[in-house]
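J.: below: sequence and its predicted model.
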Amino acid sequence: MKVADFNYDLPASFIAQTPAEPRDAARLMRLGRSSSAMSHHCFGDIADMLLPGDVLVINDTRVIPARLSATKAKSGGKVEILLLRQLDDLRWLALVGGRNVRAGMRLLLADGIGCFVTACLEKSQRVLAFDRPISARLTELGDMPLPPYIHAQLEDRERYQTVYSHSEGSAGAPTAGLHFTPALLERIAAKGVQLARCTLHIGLDTFQPVTTERVTEHKIHSEFARLDPENAQIINNAKQAGGRVIAVGTTSARTLETAAACGDDPRWVRPFAGDTSLFIYPGYRWRAVDAMISNFHLPRSTLLMMLSAFVGRERLLEAYEVAKRMGYRFYSFGDAMFIC
């Protein structure tokens, strides 16, 4: 299977630069998973598409202001840091943009804060050791790590957070969840739909294109994920009672499928906390997820491959062409699909 099979053309004018206002005013394409059904709605209509007994699984990760500007201590050359994961009180795994950033080099941030590059890894990844803990200073020092295809300035940082974000540590937002409002979640709960939470901190693969020729040659990087016992029980109870497990976004789907693979019986999810490197592409046998809410994703991306595994590659790409003809907005701040 070639990566080129997951390519499609998208003019820049289709890429949403600002989020919908209000959040649930985004458009929603409903796509049949096992039928040819397709219809077009406002995202707020999702409440009418859910059934009593369904469980909606959300990713409660919270984006940290992970993009930092720095200079090289010796030369003054500019460096951009994107924090990916905190390793301990002082050390972070980061993407570092700049020429010849080598191990042993000292970088300077604002307010006299500095760090040393202690290790150079693949794809511009570096391990940085800071002089003192910076977690509490990131709101002051950092910017939100918006994807590179968004050029408009984000006036309100909370618009790149879900309304239910809680667990800090992500380098990107779980964008399918950006469309929910507190009022919409209340409407959904009033229908007898349960809410379950998981956590997946989005990391490197969100910012890296697939550059291999064949899908199976791509190495997906691990990300921290967690499903606690209480929420695993909510999901299993709903499934046992005949309700659908609906993943809000590819990150929730990846967490659920990892949880299903943790046990001996693939019908049920198991609590877990740790790294997942699960790579889902066509041919994958789904265990936990019955339906999925998702935005429209980048060409040649692992997220597009995951959705192709869920609904079929040709079916998905045909739906993307319909979305283009109808003026849907794409990517992080764009519109959504409900595949059911």
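T.: That came through fine.

J.: what's across from the closest residue to residue 97 other than its chain neighbours in the sheet?
T.: Distances taken as C-beta to C-beta, 6 or more residues apart in numbering place residue 80 nearest to residue 97, at 4.2 Å, with adjacent residues excluded. Every C-beta, even on glycine, is put in place using the N, C-alpha and C of the backbone. Judged by DSSP bridges, the bridge partners of residue 80 are residue 69, residue 97.

J.: local confidence estimate at residue 80?
T.: Here the pLDDT value assigned to residue 80 is 95.

J.: wait, doesn't it sit right on residue 70?
T.: Yes: Residue 80 is within contact range of residue 70, at 7.4 Å (criterion: C-beta atoms under 8 Å).

J.: looking at the two, which is more packed in?
T.: residue 70 (23 against 14; other C-beta atoms under 10 Å).

J.: the helices in the stretch 1-150 of the chain, which residues?
T.: 46-49, 138-141 (DSSP state H, counting those that start in this stretch).

J.: worst mean pLDDT among these?
T.: For the helices of the stretch 1-150 of the chain, mean pLDDT drops lowest on helix 138-141, to a mean of 92.

J.: now that helix: buried residues?
T.: In terms of neighbour count (16 or more other C-beta atoms under 10 Å), helix 138-141 has its buried residues at 138, 141.

J.: what lies in contact with it?
T.: Helix 138-141 has contacts (C-beta atoms under 8 Å, 6 or more residues apart in numbering) with 64-66, 68, 83, 109-111, 113, 134.

J.: which of these are buried? Put it as a PyMOL command.
T.: PyMOL command restricting the contacts of helix 138-141 to the buried ones, with burial defined by 16+ other C-beta under 10 Å:
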select buried, resi 64+65+66+68+83+109+113+134
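
J.: restricted to strands, list the contacts of helix 138-141.
T.: Among the contacts of helix 138-141, the residues falling in strands (DSSP state E) are 68, 83.

J.: can you map out the strands along the stretch 151-300 of the chain?
T.: Counting by DSSP state E, counting those that start in this stretch, one finds strands in the stretch 151-300 of the chain at the ranges 167-170, 194-200, 223-227, 245-248, 272-276, 291-295.

J.: among those, show me which one is buried the most.
T.: Of all these, strand 245-248 carries the top mean neighbour count, a mean of 26, counting by mean count of other C-beta atoms under 10 Å.

J.: who does it touch, helix- and strand-wise?
T.: strand 55-59, helix 229-240, helix 250-261, strand 291-295 (3 or more C-beta pairs under 8 Å, 6 or more residues apart in numbering; DSSP states H and E).

J.: and these as a markdown table, adding mean pLDDT and distance to residue 48?
T.: What follows is these, written out as a markdown table (pLDDT from 0 to 100; distance: least, C-beta to C-beta, whole Å):
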| stretch | mean pLDDT | distance to residue 48 |
| --- | --- | --- |
| strand 55-59 | 98 | 14 |
| helix 229-240 | 97 | 19 |
| helix 250-261 | 97 | 21 |
| strand 291-295 | 98 | 14 |
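
J.: and of the ones you listed, who's closest to residue 323?
T.: Closest to residue 323 of the helices and strands packed on strand 245-248 is strand 291-295 (C-beta to C-beta; 10.7 Å).

J.: check which helices and strands that closest one sits against.
T.: When contacts are defined as 3+ C-beta pairs under 8 Å, 6+ apart, strand 291-295 packs onto strand 245-248, helix 250-261, helix 302-311, strand 336-339.

J.: does residue 126 touch residue 107 like I think?
T.: No: if you go by C-beta under 8 Å, residue 126 and residue 107 don't touch, sitting 9.3 Å apart.

J.: what sits in contact with each of the two?
T.: 96, 101, 117.

J.: which of these lies closest to residue 272?
T.: For the shared contacts of residue 126 and residue 107, the residue nearest residue 272 by C-beta to C-beta is residue 96; the value is 30.9 Å.
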